[in-house]
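> show me how the following folds:
(one chain, ligands or ions: 4)
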Amino acid sequence: ESDTAMYRAKSAGRNQIAFFEGNMQTEVEHRLTLERDLTKALELNELQMVMQAQVNDAGVAVGAELLMRWHHKGRGMVSPAVFIPLAEESGLIVKMGDWVLQEACRILKQLQSAGHYFSLSINVSPKQFRQKDFVDKVTATLATQGVDGNYLIFEVTEGLFIDNLQETIARMSKLSDLGIRFSIDDFGTGYSSLNYLKRLPLYELKIDKSFVQDIPGDANDTAIVGSILSMARQFGLKVVAEGVETVEQANYLIANDCDSMQGFLYSRPIAPELWISQHAQEQTATGV
Ligand code: C2E
Ligand code: MG
Ligand code: MG
Ligand code: MG
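Ligands and ions are numbered 1, 2, ... in the order given. Sure, this is the predicted structure:
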């Protein structure tokens, strides 16, 4: 190779690096702006909780998950996949999590006064769970709002069990005393050992949508889902399948005794008020 070719390659490489750094710069700025905006999102009323039903084999709601939405005044909708990690890293998730619990209580009472008695699941981030005064805060919120903990399920991810297991179990037990139940979200995608399953005060597993998406066609995923279902049965745990989009997926899950299904096939996450108005002629008393 000639020196000229070498030089060209090098300078192209340099340009590429410069270009890449330029992108990283914009990305950092973008993140900082978003983080600053997220700090104000609560007081600006830009955050909202939407509700996605979890249904049994008859299509009846036996529970629902509350999911956060951020309607940014300038940017429109920002995905939770973007702002939740940002909130987690900056610590903002703690304040946001307090608000989620209050919203859950408010929505629960709204559902109950419309005749719908099922539990609501909320996502509790590790940082939120690990606050020293978390149990006290939850106790106080339930008392102030006059809500029965038996109607709340906390979804946590496997990452919570990687360290301080002893302390985590103690805290979970205290919350269980309030009636709150625990569900492992995105089950099967984390790194924790199966050993904790027998040690934790758990109620439910949520099969991650990545496993659900290709059943029953994909033999490996079908085996994974089948194994989770039979293992959960032996541990006395309920199972929710997330990301159920097709009738074929639902049929397989129902045939294998999955307790409930959550996904676009049944309902998109929608404003709780909308769900209530869509179910105005019904009364529901399930899942508690
Ligand atoms: P997640 O808790 O696993 O929630 C399930 C996600 O799957 C939601 O995404 C939901 O909209 C989406 N989903 C539901 N059904 C279907 C389906 O049939 N197909 C597909 N492809 N997706 C479906 P979303 O709302 O974007 O939330 C993403 C993640 O952000 C959540 O995953 C959760 O980890 C986090 N998150 C959302 N709200 C909160 C919150 O209030 N607090 C905390 N700490 N995290 C939250
Ligand atoms: Mg969840
Ligand atoms: Mg999940
Ligand atoms: Mg998921």
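
> show me the shaky parts of this protein.
1-24, 286-288 (pLDDT under 70).

> what parts of this structure come near ligand 1?
52, 67-68, 79-81, 84, 93, 100, 123, 125, 155, 185-186, 209, 242-245, 262-264, 269 (C-beta under 6 Å from any ligand atom). Placement of C-beta: from N, CA and C, glycine included.

> one more pass at 5 Å, please.
Applying the criterion C-beta under 5 Å from any ligand atom, the portion of the chain that neighbours ligand 1 consists of 67, 68, 80, 84, 100, 123, 125, 243, 245, 263, 264, 269.

> for the first one, which non-adjacent residue is closest in space?
Counting by C-beta to C-beta, 6 or more residues apart in numbering, residue 269 is the residue found nearest to residue 67 once chain neighbours are left out, at 4.9 Å.

> excluding covalently adjacent residues, which one is nearest to the residue most central in space within the chain?
Residue closest to the average C-alpha location in the chain (C-alpha atoms, centre = their mean): residue 123, at 4.5 Å. On the basis of C-beta to C-beta, 6+ apart, the spatially nearest residue to residue 123 that is not a chain neighbour turns out to be residue 155, at 4.8 Å.

> part of a strand, is that neighbour?
Yes: with DSSP: H, G, I helix; E, B strand; the rest coil as the criterion, residue 155 is part of a strand.

> I'd say it and residue 125 touch.
No: with contact defined as C-beta atoms under 8 Å, residue 155 and residue 125 do not form a contacting pair (9.9 Å).

> after the longest strand along the chain, next one along is what?
Longest strand in the chain by number of residues, with DSSP state E as the criterion: strand 61-72. The element immediately downstream of strand 61-72 (helix or strand, assigned by DSSP states H and E) is strand 76-78.

> listing partners with orientation, what would you give for that next one?
Sheet pairing of strand 76-78 (DSSP bridges) gives strand 61-72 (antiparallel).

> tally of neighbours for the residue lying closest to residue 63 once chain neighbours are set aside?
Taking C-beta to C-beta, 6+ apart, and ignoring the residues beside it in sequence, residue 63 has residue 54 as its nearest neighbour in space, at 4.2 Å. Other residues near residue 54 come to 29 when the count uses other C-beta atoms under 10 Å.

> same question for residue 132.
Using other C-beta under 10 Å as the criterion, the residues surrounding residue 132 number 7.

> now do residue 131
As a burial measure, residue 131 scores 14 neighbours (other C-beta under 10 Å).

> tell me which element it is part of?
Short version: residue 131 belongs to no helix or strand, going by DSSP H and E.

> go on, residue 261?
Element membership of residue 261, judged by DSSP H and E, is strand 260-262.

> does at least one residue of that strand sit close to ligand 2?
No: Strand 260-262 does not reach ligand 2 (C-beta under 5 Å from the ion); its nearest approach is 8.9 Å.

> show residues contacting that strand.
Contact partners of strand 260-262, identified using C-beta atoms under 8 Å, 6 or more residues apart in numbering, comprise 52-56, 62-63, 65, 206, 238-244, 250, 253-254, 287.
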